[in-house]
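Colleague: Turn this into a model:
(one chain, ligands or ions: 1)
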Amino acid sequence: MKWSEICIHTTNEAIEPISNILHETGASGVVIEDPTDLTKEHESKFGEVYELNEEEYPEEGVYIKAYLPVNSFLGETVDEIKQAVNNLMLYDIDLGRNQVTLSEIREEEWATAWKKYYKPVKISKKTTIIPTWEEYERVSSDELIIELDPGMAFGTGTHPTTVLSIQAIEQYLQPGDLAIDVGCGSGVLSIASALLGASEVYAYDLDDIAVKSTSINSKLNNTDKQIHVRQNNLLDHIDMEADVIVSNILAEIIVRFTDDAWNNLRTGGVFITSGIIQAKKQLVLDDLEKHGFRILEVNEMEDWVAIVAKKI
Ligand SMILES: C[S@@+](CC[C@H](N)C(=O)[O-])C[C@H]1O[C@@H](n2cnc3c(N)ncnc32)[C@H](O)[C@@H]1O
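Modeller: Numbers count the residues shown, from 1 in each chain. A predicted model of the protein is given here:
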């Protein structure tokens, strides 16, 4: 996939609202290039040193960069972003130069660009994901902070499919709930569930690197008492009465365990599915309805779809 980098030259004051606008329009990997970063140490626990290139930073103000997939909606999305940023002036937010530039980058460049600047990212109203080596100061008392080691299993926690899953968890998971995370990867959804008050979270993945990664990341976030992780194929041989099951996996895989999801949910329980591409949305919707689920929500970001369904 080709990506386009949008760069907004603005002020420190505008970082938070502009980052929110970019997330809401489905941009990936919002990064801030603040010249004060050039004087900070950027050494990770694992010895990698991030060399920042002075030329990429503005002399004054900050650059906010994000990545948009190059598709037929790109022009409209950029106009939408510009309009929303301009509207911030109505709230007396100083936008500084407010210069917007767009450039195309290759997939490989995107991967390294992202890693080099990996910073705390606010991915939803409540949740901010921070890389293990970054210092981060809580912005509000109810902010949910997930510390992740991004270098391991899928992923950085900022992929649209993960963001859609976390947004649904924030909305539907109640404190005290029992949750199951099928295909836990880095453990990000299990950690979000535990931080939102789930009493127990059962996290499963087929890949042993993901199992290790979830285990490490749940310790990092002091959620290892609630999160029970083990290697498992989907929900094979699992027998529970969960309040919430979340699964960010491909559509073709979701439809393989809709039965098991139904059997492992209490009546009234919620099944959050993500990782579904547009072309497979109907396949999953039909399958969920065929099994007796009622569809509560269908949410979309970029080309991705997440469905929230209830066992009735
Ligand atoms: C798209 S990643 C999602 C990771 C994480 N939950 C997130 O939202 O960032 C899908 C995960 O599902 C796992 N997976 C794929 N097939 C599986 C299966 N049959 N049983 C269990 N896990 C599976 C993969 O190993 C991968 O970690």
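Colleague: any chance you could map the strands in this structure?
Modeller: For the chain, the strands defined by DSSP state E occupy 3-10, 28-33, 62-69, 99-105, 121-122, 127-131, 144-148, 178-182, 200-205, 227-231, 242-248, 265-277, 293-301, 304-311.
Colleague: now what about stretch 288-306, what contacts it?
Modeller: With contact meaning Cβ atoms under 8 Å, 6 or more residues apart in numbering, stretch 288-306 is reached by 26, 28, 69, 71, 160-161, 163-165, 167-168, 172, 248, 258-259, 262, 270-278, 280-281, 284-285, 307-312. For every residue, glycine as well, the C-beta is placed using N, CA and C.
Colleague: if I pick the nearest residue to I129 once chain neighbours are set aside, what's in contact with it?
Modeller: If the residues on either side of it in the chain are set aside, I129 comes closest to G157, at 4.1 Å by Cβ to Cβ, 6 or more residues apart in numbering. Contact analysis of G157 by Cβ under 8 Å, 6+ apart lists 121, 123, 129, 146, 148, 150, 186, 188.
Colleague: Who wins on neighbours among these?
Modeller: Tallying neighbours with other Cβ atoms under 10 Å puts V188 at the head of the contacts of G157, with 32 neighbours.
Colleague: confidence score at it?
Modeller: For V188, the pLDDT comes out at 93.
Colleague: Excluding sequence neighbours, find me the nearest residue to the residue in the chain sticking out farthest from the centre.
Modeller: Distance to the chain centre peaks in the chain at E59, reaching 31.0 Å (criterion: Cα atoms, centre = their mean). Closest residue in space to E59, ignoring its immediate chain neighbours: P35 at 7.0 Å, by Cβ to Cβ, 6+ apart.
Colleague: Now do the contacts for that neighbour.
Modeller: Contact analysis of P35 by Cβ under 8 Å, 6+ apart lists 57-60, 62.
Colleague: In CSV, list the residues you listed along with distance to the ligand and pLDDT.
Modeller: Putting the contacts of P35 into CSV (distance: Cβ to the nearest ligand atom, whole Å; pLDDT from 0 to 100) gives the following:
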residue, distance to the ligand, pLDDT
Y57, 30, 76
P58, 32, 83
E59, 37, 82
E60, 37, 88
V62, 28, 93
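Colleague: and the closest residue to R97 other than its chain neighbours, what does it touch?
Modeller: Among residues not flanking R97 along the chain, H9 sits closest, at 4.7 Å (Cβ to Cβ, 6+ apart). Contact partners of H9, counting by Cβ under 8 Å, 6+ apart, are 58, 61-63, 96-101.
Colleague: if you set the cut-off to 7 Å instead, what comes out?
Modeller: The neighbourhood of H9, defined by Cβ atoms under 7 Å, 6 or more residues apart in numbering, consists of 58, 61, 63, 96-97, 99.
Colleague: which of the contacts of stretch 288-306 are buried?
Modeller: Buried members of the contacts of stretch 288-306, counted by 16 or more other Cβ atoms under 10 Å: 26, 28, 69, 160-161, 163-165, 167-168, 172, 248, 258, 262, 270-276, 280-281, 284-285, 307-311.
Colleague: Tell me the confidence at T158?
Modeller: 77.
Colleague: What confidence value was assigned to the closest residue to it other than its chain neighbours?
Modeller: Nearest non-adjacent residue to T158, counting by Cβ to Cβ, 6+ apart: V121, 5.1 Å away. With respect to pLDDT, V121 has a value of 82.
Colleague: try I81
Modeller: At I81, pLDDT is 95.
Colleague: In contact with it, which residues?
Modeller: Residues counted as contacts of I81 (Cβ under 7 Å, 6+ apart) are 6, 21-22, 25.
Colleague: Go again with 6 Å.
Modeller: Contact analysis of I81 by Cβ atoms under 6 Å, 6 or more residues apart in numbering lists T25.
Colleague: Tell me the spacing between it and G96.
Modeller: 16 Å (Cβ to Cβ, to the nearest Å).
Colleague: Likewise for L283?
Modeller: 47 Å.
Colleague: And these two? Which one has more around it.
Modeller: Taking other Cβ under 10 Å, L283 and G96 do not tie; G96 has more neighbours (17 against 14).
Colleague: Let me see the contact set for that one.
Modeller: Applying Cβ under 6 Å, 6+ apart to G96 gives the contacts 10-11, 61.
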